[in-house]
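give the three-dimensional model of this entry:
(one chain, ligands or ions: 1)
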Amino acid sequence: GPDGDASLLTKPKTNTQRPPMYKVMILNDDYTPMEFVVHILERFFGLSHAQAFEIMLTVHKKGLAVVAVYSFEVAETKVAQVMDFARRHQHPLQCTMEKE
Ligand code: TYC
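Here you go, the predicted structure:
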């Protein structure tokens, strides 16, 4: 109404709930070759070579980076794929996920 509609001034109900999203991150280490990390980022995250190289360098310099954000199920699959691929190639690369 003219004196203010309470429904427009009060906090909306949080009924627009979306599923939680998860950041997938890779961690730096002293042993995994840079090109191996770039390959992983291209292969499992669909990044271009240039994008993959940039993220790899960010991890190398800062210690970690968020690679992508997914639903829980997709994030879990990415983490498992990366961890398995790194283990099979005997590299200590770590990949983790965290709720946004
Ligand atoms: N620090 C590694 C090296 O100097 C490269 C590296 C980058 C390793 C990113 C892991 O997630 C990583 N060979």
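
when you work out contacts or count neighbours from here on, use the C-alpha atoms and nothing else.
OK.

quick check: buried residues in stretch 53-73?
53, 55-57, 59-60, 64-67, 69-70, 72 (16 or more other CA atoms under 10 Å).

just the ones in strands from those, please.
64-67, 69-70 (DSSP state E).

what is the nearest of those to the ligand?
L64 (6.7 Å; CA to the nearest ligand atom).

for that closest one, which non-adjacent residue is closest in space?
Excluding the flanking residues, the one nearest L64 by CA to CA, 6 or more residues apart in numbering is L27, at 4.4 Å.

show the pLDDT at the one you found.
Looking at L27, its pLDDT reads 98.

on that earlier part again, keep only the buried residues of stretch 53-73 that also lie close to the ligand.
Contacts with the ligand within those, as defined by CA under 6 Å from any ligand atom: 56, 59-60.

wait, doesn't the residue nearest to L64 sit right on K62?
No: using CA atoms under 8 Å, L27 is not in contact with K62, being 9.2 Å away.

before we move on, the earlier item: turn the buried residues of stretch 53-73 into TSV, columns for pLDDT and distance to L41.
Compiled in TSV, the buried residues of stretch 53-73 are given as follows (pLDDT from 0 to 100; distance: CA to CA, whole Å):
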residue	pLDDT	distance to L41
F53	98	8
I55	98	8
M56	98	8
L57	98	12
V59	98	12
H60	98	14
L64	98	13
A65	98	12
V66	98	11
V67	98	8
V69	98	14
Y70	98	15
F72	98	19
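
and stretch 88-100, what's buried?
91-97.

give the phi and psi angles for H89, as a check.
phi -100, psi 10 (degrees, to the nearest 10).

state the distance from it to the ligand.
13 Å (CA to the nearest ligand atom, to the nearest Å).

likewise for E76?
E76 is 18 Å from the ligand, by CA to the nearest ligand atom.

now that residue, nearest residue through space, not along the chain?
Nearest one to E76, counting by CA to CA, 6+ apart, is M97 at 7.4 Å.
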